[in-house]
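J.: Structure, please.
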Amino acid sequence: MRLALELWGLLARPQRRMVLAAQAISLIMAFSTAVGIAAIAPFFAVLGNGELADRQPVLHWAYVHGGFSSKQAFVFALGAAFIVVNMRFLMTKNRVPRVYDRRQRKSIRRRSGRHQKSSDLGLEGFA
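T.: Numbering: from 1, shown residues only. Sure thing, here's the model as predicted:
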């Protein structure tokens, strides 16, 4: 703990903000990973035992109010919902670090007095 406090003391105010921003990004990514993993549980549960759609209150509500004609249609819809939720969180998880990285590169260029394009720095794929 003492080492962490000593390292924190060595950082300038803008660097401290960058560290805190990086930690916030890490928490967002961890949350999105957990939600993506949790989203698959209902799908696999109903896939393994179709009767859960009648016994689980939330799944039963979704089955009744979703207007499904069969359990197969309900399982298909759960699978599609899982894919949509998982893709959304994957997009968020992949986008947040890129936005942060882009801001860091702009900040470095501004501080260095150089206003180069990313292609000038050999970073074509990262802009």
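
J.: now the strands: where do they sit in the chain?
T.: All residues of the chain lie outside strands when identified by DSSP state E.

J.: Just give me the neighbour total for residue 53.
T.: 22 (other CB atoms under 10 Å). The way it works is simple: take the backbone N, C-alpha and C, and place the C-beta from them, glycine included.

J.: Let me fix that, I meant to ask about residue 5.
T.: Neighbours of residue 5 (other CB under 10 Å): 8.

J.: and if you look at residue 21?
T.: Close neighbours of residue 21, defined as other CB under 10 Å, add up to 13.

J.: any idea how far residue 21 lies from residue 28?
T.: 11 Å (CB to CB, to the nearest Å).

J.: no no, residue 85
T.: Taking CB to CB, one finds residue 85 at 16 Å from residue 28.

J.: Next: residue 46.
T.: Residue 46 is 29 Å from residue 28, by CB to CB.

J.: for residue 54, same thing?
T.: Taking CB to CB, one finds residue 54 at 36 Å from residue 28.

J.: okay, these two: which has more neighbours?
T.: residue 28 (15 against 11).

J.: if I look at the more buried one, how far off is residue 5?
T.: Residue 28 is 25 Å from residue 5, by CB to CB.
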